[in-house]
Structure formats: structure tokens, C-alpha cells
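1. My questions concern the predicted model and sequence given below.
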Amino acid sequence: MIKSKLKEFGADFSLLLVAIAWGGTFFIVQDAIEQTPVYLFLFWRFSIAALLMAMISFKEFKKLDYETLKAGLILGLFMFFGYAFQTFGLKFTYSSTVGFITGLNVVMVPFLTLLIFKIPSSIYSIFGASCASVGLYFLASGEVGFGKGEFYALVCALMFALHIVFTGSYSKKYSAFLLVTIQLAVVGVLSGLGAIIFDGEIMPKSFDGVFLDALILTIIFATIFAFFIQTTMQKFTTPTKTAIIFTMEPVAAGFFGYYYAGETFSTPQLLGASLIIFGMLVAELGSYLKKRQNEIG
């Protein structure tokens, strides 16, 4: 029991590092896409990451079969459509609103896990997810209505929720190296098509300055590291806990903004961050208590 709990705790801590990596790169990505079309940036980010991941995974390609390829394609489609609908949502509503609604995947994951894989989530995880979703609302400063942008953000949340749920299943069956390589390649190719259709170009104006800095940081930390850790570690924890931990991304972005960009937290935002952290702790401690009860029972 202790050994499996240590594995689960280690996996949860690793996933927390992923959320911090995503939050830590938020501002430089925001600066980059002010100068570069979003799909163009995603094309270069995910294409280069897929190429590097393929080089790292070279020895694993002997394990490639139809089922692994299909799993990687499915994860890649969920990931791409998540980014795509998030981008569309940002065109029609506030970024804080999109961030809040995207984060609602935390309450979708337990229901999708039950609906698709017939695996119920613990009461602790559901309570933790509820706390985290309320915390996200306060982080968004309550700026939430419902229009075209909000609808796109809701679809985005569904795509990311499905990505978490299916990663939890596939990570137990297939090579993490291959799953990550394939899904990154899918996002790269589809983003390239998006760049051609919506941006009318696939080449950036230059490969220096903020664009290059953002590429390097996101490729290494927010893409290769983040998705490999997620795919590797989700086999040791639950999709619901993964979703709760990932709600730390906007909290991490807020703290990085506070220390490096001179931004400030309002009282509601501090309350929101506290609720997210509380929800994560409830889910973590709850899983330990549940295992203890099962062991005693």
C-alpha cells in the first residue's frame, strides 16, 4: 500500500510540475502570439517538438502497431481541437472567461470517466473538483456570460477533458514515447493546415526575438516535458485528480505574473487560488484515506 501510494504521490507531484510549466510559459506565449498568428506558432511549436520526440523515441518505433497509432491519433485530435476551439473562443470573449470555462474540464472528467470507462470517481475527488471549479470562477473575477466565445471555450474544455480521460486509459496500454510522438505530430500537421487556411502563411517573419524564445521554452518545457510526463504518470493516478492538479496552471501563471511582470492578485483571485489548492489537497488526502479504508475493510 505504501509503495503504491508513493507512486501515486510521485505521479501527482510530477503532474503539478507540468501545470507549473504550462503556467510559467503563459506570458512569453502571450507575447509571441501578439506578433505571430496562433496557428503558425502552434505549427512550429508542435512540429519541432514531434521531430525531437521522434528522435528520442527512435528505439520504440519497433513497438508501433495499428492500435498504438490509433490511440496517438485520437489523443492528437483531442489536443488539436482543444487548442483550436480555445483560439476561436479568444476571438469573441475575454481571456479570463476562456480560461475559466476551459478549466471546467475538471468537472467534466469524472462524468466522462464514468460514462466512457464505467470507472466512478471518489467523493473526495468530486468534492476537490467542485472546489477547484469555484476557484477558477474567482480567478476569472466573475467575468462570465455566455455567447459564441463561451460556447467555443466549452467545446475546448470538453476536448481537453477527453484528452485527460483517454490518456489515463491509453497510458496503461501503449508506449508513452510513441503516444506523445504521434499526438504531437498530429497537432503539428493540423496546425499547419490551420495556418494556411486562417493565417495565409506558414513561415514567421523572423526566427529571432520573442518568437524564438517562446519556441524554445514551450518546446522543451510546455510540450515535450509536459506531455511526456502526463502520459507517463497518468497510469499511476486517476483522470479526475489529473484534471484537478491541472487547474494549478492559471494559479502558477498568476504567481509568475506577480513575481516577474509586476501583476497583482485581487482578493477574489487570491480566494480562487486558495480554493484550487484546497481542492487539490482534498483529492490527494482523500485518495490516501480511501486506500486506508479499503485496506482495513
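-> In hand now; what should we look at?

2. State the distance from the closest residue to Ala252 other than its chain neighbours to Ala273.
-> Counting by Cβ to Cβ, 6 or more residues apart in numbering, the nearest residue to Ala252 once its immediate chain neighbours are dropped is Gly23, at 2.7 Å. C-beta: built from backbone N, CA, C; applies to glycine. Distance of Gly23 to Ala273, given as Cβ to Cβ, to the nearest Å: 11 Å.

3. Name the residues contacting each of those two.
-> Common neighbours of Gly23 and Ala273 (criterion: Cβ atoms under 8 Å, 6 or more residues apart in numbering): 251, 254.

4. The helix or strand harbouring Phe46 - contacts with which helices or strands?
-> Counting by DSSP states H and E, the element that carries Phe46 is helix 38-56. Helix 38-56 sits against helix 26-35, helix 66-92, helix 176-194, helix 209-217, with contacts defined as 3 or more Cβ pairs under 8 Å, 6 or more residues apart in numbering; DSSP states H and E.

5. how about Lys173, secondary structure?
-> Per DSSP: H, G, I helix; E, B strand; the rest coil, the local secondary structure of Lys173 is coil.

6. pLDDT score for it?
-> Lys173 is assigned a predicted lDDT (pLDDT) of 95.

7. before we move on, what about the one 10 residues further on?
-> Here the pLDDT value assigned to Gln183 is 97.

8. for the closest residue to it other than its chain neighbours, what are its contacts?
-> Residue nearest to Gln183 in three dimensions, not counting chain neighbours: Gly76, with 3.7 Å by Cβ to Cβ, 6+ apart. Counting by Cβ under 8 Å, 6+ apart, Gly76 makes contact with 182-187, 190.

9. so the helix holding Phe46 versus helix 176-194, what angle?
-> For helix 38-56 against helix 176-194, the angle between stretch directions is 150 degrees (axes from the mean of the first three to the mean of the last three Cα atoms, to 10 degrees).

10. Report the distance from helix 38-56 to the chain centre.
-> From the chain centre to the centre of helix 38-56 is a distance of 16 Å (Cα atoms, centre = their mean, to the nearest Å).

11. quick one on the thing from earlier: could you list the buried residues of the helix or strand hosting the residue nearest to Ala252?
-> Using DSSP H and E, Gly23 sits within helix 2-24. Residues 8, 11-12, 14-24 are the ones in helix 2-24 that count as buried (16 or more other Cβ atoms under 10 Å).

12. What is the most widely separated pair among those?
-> Among these, the pair separated by the greatest distance (Cβ to Cβ) is Glu8 and Gly24, at 24.4 Å.

13. so Phe246 makes contact with Ile164?
-> Yes. Phe246 lies in contact with Ile164 (Cβ atoms under 8 Å); the separation is 7.5 Å.

14. which residues do those two both contact?
-> Overlap of the contact sets of Phe246 and Ile164 (by Cβ under 8 Å, 6+ apart) consists of Asn105.

15. that older thread, tell me the contacts of the residue nearest to Ala252?
-> Going by Cβ under 8 Å, 6+ apart, Gly23 touches 248-256.

16. rerun at 7 Å
-> Shown in contact with Gly23 (Cβ atoms under 7 Å, 6 or more residues apart in numbering): 249-253, 256.

17. Going by neighbour count, which residues in the helix or strand of the chain with the lowest mean pLDDT are buried?
-> Taking mean pLDDT, DSSP states H and E as the measure, the helix or strand of the chain with the lowest value is helix 95-103, at a mean of 75. With burial defined by 16+ other Cβ under 10 Å, the residues of helix 95-103 counted as buried are 96-103.
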